[in-house]
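Engineer: Requesting a structural model of the entry that follows:
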Amino acid sequence: MTDEPLDEWAARRDARRPAPGARRAVPLGEGPARGGHVDPDTARGMLEWDGHQWVPSGVAEDHAAAVKETGRQNAAERVRLPRSSALPPAPEPWRPTEEFWRP
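Structural biologist: Numbering: from 1, shown residues only. As a prediction, the model looks like this:
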């Protein structure tokens with residue numbers, strides 16, 4: 001593994017972080033935070049990124065109100081995928097070594 005210069009590492013880290021002022025909503029119900037389709041009538045806590053951490057900024061009545069406040073959030077768009085050449089080749093389908101003939 002080669003050492004990466006600190007400024008390149010910091011640039012990569014900053015590219016993954018949200019912009020200051022970005023907002024997100026988390027459910028205030030029981031249990032862990034889950035998708036918006038789970039308990040859509042539960043109140044949502046509004047969080048705002050201050051450049052270092054998510055800080056509470058308010059409360060939304062339900063999921064619909066939270067979406068109006070924060071905009072639609074699609075986590076799949078933020079996931080970086082590997083280059084297609086970095087993926088392993090597809091395996092060959094299994095074939096028997098001898099032909100089998102049933103009498």
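
Engineer: How about residue 47: what's its closest non-neighbour residue?
Structural biologist: Excluding the flanking residues, the one nearest residue 47 by Cβ to Cβ, 6 or more residues apart in numbering is residue 54, at 4.1 Å. The way it works is simple: take the backbone N, C-alpha and C, and place the C-beta from them, glycine included.

Engineer: which strand residues sit across from the one you found in the sheet?
Structural biologist: Residue 54 has these beta-bridge partners by DSSP bridges: residue 49.

Engineer: so how far is the longest helix seen in the chain from its chain's centroid?
Structural biologist: The residue-count maximum for a helix in the chain (DSSP state H) belongs to helix 6-16. Mean-position distance between helix 6-16 and its chain equals 19 Å (Cα atoms, centre = their mean, to the nearest Å).

Engineer: helices or strands next to the following helix or strand past it in the packing?
Structural biologist: Later in the chain than helix 6-16, the nearest helix or strand by DSSP states H and E is strand 23-27. In terms of contacts (3 or more Cβ pairs under 8 Å, 6 or more residues apart in numbering; DSSP states H and E), strand 23-27 is packed against strand 44-49, strand 54-60, helix 63-70.
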